[in-house]
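Novice: no FASTA, just this:
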RNA sequence: GGGGGAUUAGCUCAGUUGGCUAGAGCGUUUGGCUGGCAGCCAAAAGGUCAUCGGUUCGACUCCGAUAUUCUCCA
């Protein structure tokens, strides 16, 4: 006791609370001293789990251990995990920044037991860490225990209750319902009761008014949950029932930012040193002040929070885009821009300027922030510029809407259109309308939004059934590096119903099929049973470390042994493209510089696509150099050197290229061709000579600071070249086998332009002659210059003629007829003056005369045309024309 | 993955129920004014109305497909 006090006095004077850095490391060290292995944070962006776009809890990276799909290296681990939440129980994106304790991006401190310790240790360590290491006053802590649930036939968590009773007074223990104290991963999967620790940091006066235990789980900003201890012991099945897991696990999560708030004696997460550096930078670049008004405070919190989320995502390789995870990032960034625009009056990009501060502040713990700093800045700046343009455009459109609005209520449909089609934020619309004294029909807007949501959801509903387990997978499950066929057994399968009908997912005991990953597409092929039944495998993917084969139908006897056959033709072409991708990566770093980093990759049997960080368009010379570099490596016939179980640190030391935002285990696979060495799980050719030839097809930009190269190899290059040659030959042939086709085309184009002008001039001349001719034939009848005549011109020629004649007088009535392709055409021109004076209508004329040629038509009062299929009636139509002016 | 919009001169964009032989501003070229420049005035050049197909007497306009792009939802 005394030693604790001394510690407090010497190192922790009251006015100098622990820095956030120190809090983080104390947590990790505490569990390390209790035999936990410290592991790094997994990337925030998730790649091989279709049910999740971002890491939203500390447990995500361990999901496969809880599901039993693979075994952990150690049964006790601890980490800090970067997480992103944009929707959920208490966490709607639109709410972040309004209060002082919700975030999109946050750190989750966790300690984990995989079939090792359970409730007793988890509870004791949590209490010890909080009260003895961090020295939080026991009198401000509350704990909760699961009360049981009749739906699931579960009883009160007596074990946890007893454990807590031994250390906490009973009046500080709260029983919680299923919603608060029974944790589930999703609709299906591992789950279990939990115990939460809450902290009450209100002032003494406040506490006297309302007891803290009444405010637990009541959304009070200063009575908050800081630690959730989950005791995983059940598996939720598709039908909703629970079954016991073979092993019990512990999953805990403590919000780092909240812990800092408590330990630094602040009332808001944003007042801790996790946020203060960013906030003061925002104050600086926007010339605003935090703490002066509610509106600017919210805006500043929104920006401080969102810049973290966006920067971490981009550093992990997830760029803003218009689909999937990229779209979530875009939305977050745009929300920050819009708050700055409206409340801090920022009309120029500024958020990108905050990246430096963030990188300095957190770059030690998360090195990707340092190495990806420039990319983050470029991408954010570009996105800011483009969204500011969208806002400008939207303001104009909104102006139009307001002008056209009768009354004082603007249609929700219009507002929705502005939002949906033009991306103009609805709250900004509402704000502007309010300022102008208009109202927005919000009900109508919401119903439009709801319609759109329903439509989208219906289009993406996937219903997965329970796995039917038939056997165990082998530990070395993927054998496709060495084999393209194998005798296999189905270990589990399930039915999945989606928009495009039903299909089956099959898992094999071992498989030669490569699952989509690392940019390489999944293998196709088939399974064949001994009695000749064939099941086509349409795709292969990886889900939570399980290799899943997609097929339209199930074999008659799933328990039989099958011959698994990979479509080797496709696979071999794909391998050539994948190896070429590595050489391309090396070439780019060589030609352009070391700043080139892979930002995305797609390798199929047809072609390869490679996205990388670079700031400017590649010149023709650079593209040539890159191509030559790759082709030289191909000609050098470099053999594949594959190391399957290399230690990660060892690989990096040897110079292997690892990707940011990619999760690597301790043991990695390294692929080397000469001096190109990359960590890669994909399949490759045995020798670069197998690539044959490499050709870049296109080069362009995908985002600020990111460029894309598309290329082909081998036979595809041959096909490409022979196609090009064929086209060239055809061009040559057309040009009478000239040696200089480009020159020939050029002169043809010039000649063509000159001829066009000549023809135009001639036609004009001809029309003039014809015009003069017809002018002489005009008859003056009742003061009207009249002519009805058949001419030999096409539709536009007749029109030209009529208009030219029209210019020569103001009392013309023309009916011109012509015949083209067995069809008849009547055109009537009446001077506008006549139309007005005599109430004539060319449209009416042609419609009526059209009867004689069995057709119809119309036009304007002064010029109209009609077409018909009976040229024999032309004469009669011409004769009748005079009746209109008599 | 699903929905909505856009694509017209070098650039930014108009083009009303299908019919004014497609317009504006900026830019370009030429000429003029001015001592020179900035500038002003005048004139001209510049368009397969994204591509292909359909409906129609007639399509920039309507319909379908494709491409590119923006945007919302999942």
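Specialist: The structure has been received and is ready for your questions. Just so it is clear, the structure is predicted and the values come from calculations on it, not from any experiment. Numbering: from 1, shown residues only, chains lettered A, B, ... in the order given.

Novice: contacts and neighbour counts: CA atoms only from here.
Specialist: Noted.

Novice: ranges for the strands of the stretch 51-200 of chain A?
Specialist: A:76-84, A:105-114, A:141-146, A:173-176, A:182-184, A:189-200 (DSSP state E, counting those that start in this stretch).

Novice: Return the list of strands paired to the fourth one, each annotated with direction.
Specialist: Sheet neighbours of strand A:173-176, with direction, are listed as strand A:141-146 (parallel) (DSSP bridges).

Novice: Equivalent analysis for the longest one, please.
Specialist: In the sheet containing strand A:189-200, the strands it pairs with under DSSP bridges are strand A:141-146 (antiparallel), strand A:182-184 (antiparallel), strand A:223-236 (antiparallel).

Novice: follow-up on the earlier one: weakest of the strands of the stretch 51-200 of chain A by average pLDDT?
Specialist: In terms of mean pLDDT, the lowest-scoring of those is strand A:182-184 (a mean of 90).

Novice: starting at the chain centroid, how far to it?
Specialist: Centroid separation for strand A:182-184 versus its chain: 29 Å, with C-alpha atoms, centre = their mean, to the nearest Å.

Novice: Show me the contact partners of that strand.
Specialist: With contact meaning C-alpha atoms under 8 Å, 6 or more residues apart in numbering, strand A:182-184 is reached by A:146, A:190-194, A:230.

Novice: Would you point out the most distant pair within the residues you listed?
Specialist: Distances among the contacts of strand A:182-184 were taken as C-alpha to C-alpha; the most separated pair is A:146 and A:190, at 16.5 Å.

Novice: of those two, who's got more company?
Specialist: A direct count of neighbours by other C-alpha atoms under 10 Å for residue A:146 and residue A:190 places residue A:146 higher, at 27 against 24.

Novice: dump the residue contacts of residue A:509.
Specialist: By C-alpha under 8 Å, 6+ apart, the contact set of residue A:509 is A:471-474, A:477, A:488-491.

Novice: For my notes, please list these in CSV and give pLDDT, neighbour count and distance to RNA strand B for each entry.
Specialist: Formatted as CSV, the contacts of residue A:509 follow (pLDDT from 0 to 100; neighbours: other C-alpha atoms under 10 Å; distance: C-alpha to the nearest atom of the strand, whole Å):
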residue, pLDDT, neighbour count, distance to RNA strand B
A:471, 89, 14, 33
A:472, 86, 14, 33
A:473, 86, 20, 31
A:474, 85, 12, 33
A:477, 86, 15, 29
A:488, 95, 19, 31
A:489, 95, 23, 31
A:490, 95, 22, 29
A:491, 94, 20, 29
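
Novice: From the residues you listed, which land in strands?
Specialist: A:488-491 (DSSP state E).

Novice: Check the residue in the stretch 501-650 of chain A positioned nearest to RNA strand B and give its pLDDT.
Specialist: Nearest residue of the stretch 501-650 of chain A to RNA strand B: residue A:501, at 12.3 Å (C-alpha to the nearest atom of the strand). Residue A:501 is assigned 72 on the pLDDT scale.

Novice: How many neighbouring residues does it have?
Specialist: Residues within reach of residue A:501, counting by other C-alpha under 10 Å, total 9.

Novice: From residue A:551, how far out is it?
Specialist: Applying C-alpha to C-alpha, to the nearest Å, the value for residue A:501 to residue A:551 is 12 Å.

Novice: Once you drop chain neighbours, what's closest to residue A:19?
Specialist: residue A:273 (7.0 Å; C-alpha to C-alpha, 6 or more residues apart in numbering).
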